[in-house]
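1. predicted model, plus sequence, below.
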Amino acid sequence: MSNIEANPAGHVLEDGGCAGAKVEILTSREVPLGGPRAMNVRRTLPQRQRSMIGAWCFADHYGPDDVSLTGGMDVAPHPHTGLQTVSWLFEGEIQHIDSGGNRGLVRPGEVNLMTSGGGICHSETSTEGTTTLHGVQLWVALPEASRSTAPRAFEHHVPEPFRLTSLHPPKSAGEARVFIGSLFGQESPVTTHTPLLGAELRVAPGQEFVVAVNPDFEHGLLADAPGLQLEGVDIPRAAIGYTGVGEKTLHVANTSDEEVYAILLGGEPFGEQILMWWNFVARDYSEIETFREQWQARTERFGRVEGYVGHGGPDRNAEGQSWLPAPELPNATIRPRQNSSPVARPDRQ
């Protein structure tokens, strides 16, 4: 929903200080995005320690990157199955084009969500005017009931920012934007197929507050920069502080002298096993084999991206590719991984 007030009221939060939830830290690893010459991103999900938070099955954090040095984002047309992509930027601008006939610009504070259904392909390219690129790329696994039947779709939503105000004494604690689900009485109209939450928190220097959350959800707080704490536990940059189901409040603090961005993810535990390989979300290895074969053959399962212009010129990325071929499959059969129990395990840090 949209708040049309010229001077919207702030949302008052309780001060911290209560004994809180256990927190498990999920650290990130660096991987190249789109090829060996591509920009590096910090990937937190999936990982062996914990592969999902609700239906959130993938989380990349990148930047702030000087595009003149890194080359920016230039991912040629590539496929997806069984998922939704959620793009959120702090700085910069990305051009999105997909085989559903949709084009869109990803801008700071605006969410773009793409639903693959049984198959889609898209390209992502930072625009010429972008000097700094900084944001997150997230995936949501679709449940069995809709993973093959949901149509290719693209949604864009601009959530209204609202003030976070702590008590004792009342003062500004930061700002929030809810781009998936509901929080703080705010609700996003973006379509999801399982109960989910996605919100950006901008936490002011030295501030702390308690966020009321859905106890049916497990939650993860991704830190954009050092200084962020969840329940008194430091979250390293690009890491996620995870809490399991049953928590009604989360205590968030910024111990630094700078504003810190954070992404709060939540959702009901996903009750289905999934198999992720490259850009595909499937249920078993035979599906992965089929998806790869069909992508390499450029079948109509995925369609075509029309109008892609990469950094290498029309219809080409910086490496001269007009589309991203799939990697070779491993020699061994890949099996679905059972997600961990929705209970935080601080001892795994």
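-> Arrived safely, thanks for sending.
2. please enumerate the helices of the stretch 151-300 of the chain.
-> With DSSP state H, counting those that start in this stretch as the criterion, the stretch 151-300 of the chain has helices at 285-296.
3. ok, which stretches of the stretch 51-200 of the chain are strands?
-> Applying DSSP state E, counting those that start in this stretch to the stretch 51-200 of the chain gives strands spanning 56-66, 74-80, 83-91, 94-98, 103-106, 111-115, 120-126, 132-141, 153-157, 162-166, 171-180, 182-183, 186-187, 196-203.
4. let's have the ones you listed in CSV, adding distance to residue 330, mean pLDDT and mean neighbour count.
-> Backbone N, C-alpha and C define where each C-beta goes, glycine included. Formatted as CSV, the strands of the stretch 51-200 of the chain follow (distance: least, CB to CB, whole Å; pLDDT from 0 to 100; neighbours: other CB atoms under 10 Å):
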stretch, distance to residue 330, mean pLDDT, mean neighbour count
strand 56-66, 19, 96, 21
strand 74-80, 18, 96, 24
strand 83-91, 21, 98, 22
strand 94-98, 28, 98, 22
strand 103-106, 32, 95, 17
strand 111-115, 27, 98, 23
strand 120-126, 23, 97, 26
strand 132-141, 21, 97, 23
strand 153-157, 32, 97, 17
strand 162-166, 46, 87, 19
strand 171-180, 33, 94, 22
strand 182-183, 40, 96, 18
strand 186-187, 42, 96, 16
strand 196-203, 31, 98, 24
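5. so can I have TSV of these showing distance to residue 213?
-> Output for these, formatted as TSV (distance: least, CB to CB, whole Å):
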stretch	distance to residue 213
strand 56-66	15
strand 74-80	29
strand 83-91	19
strand 94-98	30
strand 103-106	27
strand 111-115	20
strand 120-126	31
strand 132-141	18
strand 153-157	21
strand 162-166	14
strand 171-180	12
strand 182-183	7
strand 186-187	13
strand 196-203	8
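6. of all those strands, which lies closest to residue 237?
-> Among these, the nearest to residue 237 by CB to CB is strand 56-66 (8.2 Å).
7. just for this protein, where's the confidence low?
-> Low-confidence segments of the chain (pLDDT under 70): 1-19, 34-38, 167-168, 349.
8. circling back: quick one, which of the strands of the stretch 51-200 of the chain is nearest to residue 346?
-> Closest among the strands of the stretch 51-200 of the chain, once you apply CB to CB, is strand 56-66, at 20.0 Å.
9. what's that closest one packed up against?
-> strand 40-45, strand 83-91, strand 132-141, strand 218-223, strand 260-267 (3 or more CB pairs under 8 Å, 6 or more residues apart in numbering; DSSP states H and E).
10. now do 6 Å
-> Secondary-structure packing of strand 56-66 (3 or more CB pairs under 6 Å, 6 or more residues apart in numbering; DSSP states H and E): strand 40-45, strand 132-141.
11. quick one: residues in contact with the longest one.
-> By CB atoms under 6 Å, 6 or more residues apart in numbering, the residues outside strand 132-141 that reach it are 55, 57-61, 63-65, 67, 72, 83-92, 126, 263, 274, 281.
12. on that earlier part again, any chance of the helices and strands packed on strand 56-66 in TSV, plus distance to residue 196?
-> Shown next, in TSV, are those (distance: least, CB to CB, whole Å):
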stretch	distance to residue 196
strand 40-45	14
strand 132-141	7
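13. out of these, nearest to residue 203?
-> Taking CB to CB, strand 132-141 is the member of those nearest to residue 203, at 16.0 Å.
14. relative orientation of that closest one and strand 196-203 in degrees?
-> Relative orientation of strand 132-141 versus strand 196-203 (axes from the mean of the first three to the mean of the last three CA atoms, to 10 degrees): 150 degrees.
15. ok now strand 132-141, how far from the chain's centre?
-> Counting by CA atoms, centre = their mean, to the nearest Å, strand 132-141 is centred 5 Å from the centre of its parent chain.
16. CA atoms of that strand as CSV?
-> This file holds the C-alpha atoms of strand 132-141, laid out as CSV (Å, rounded to 0.1, in the frame of the first residue of the first chain):
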residue,chain,number,x,y,z
THR,A,132,28.7,3.2,-7.8
LEU,A,133,26.9,-0.2,-7.7
HIS,A,134,25.8,-1.4,-4.3
GLY,A,135,22.9,-3.7,-3.4
VAL,A,136,21.6,-7.3,-2.9
GLN,A,137,20.2,-9.9,-5.2
LEU,A,138,17.9,-12.4,-3.6
TRP,A,139,16.0,-15.6,-4.8
VAL,A,140,12.8,-17.1,-3.5
ALA,A,141,12.1,-20.8,-4.1
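17. could you number the chain from 52 rather than 1 from now on?
-> Okay, residue one is now 52; in that scheme the one you just asked about reads as strand 183-192.
18. okay, and the beta partners of residue 332?
-> Beta bridges link residue 332 to residue 327, judged by DSSP bridges.
19. what residues are up against it?
-> Each residue near residue 332 by CB under 6 Å, 6+ apart is listed here: 133, 134, 192, 325.
20. and if we set it to 8 Å?
-> By CB atoms under 8 Å, 6 or more residues apart in numbering, the contact list for residue 332 reads 108, 131, 132, 133, 134, 190, 192, 193, 198, 325, 326.
21. if anything else comes up later, I'll come back, but that's it for now.
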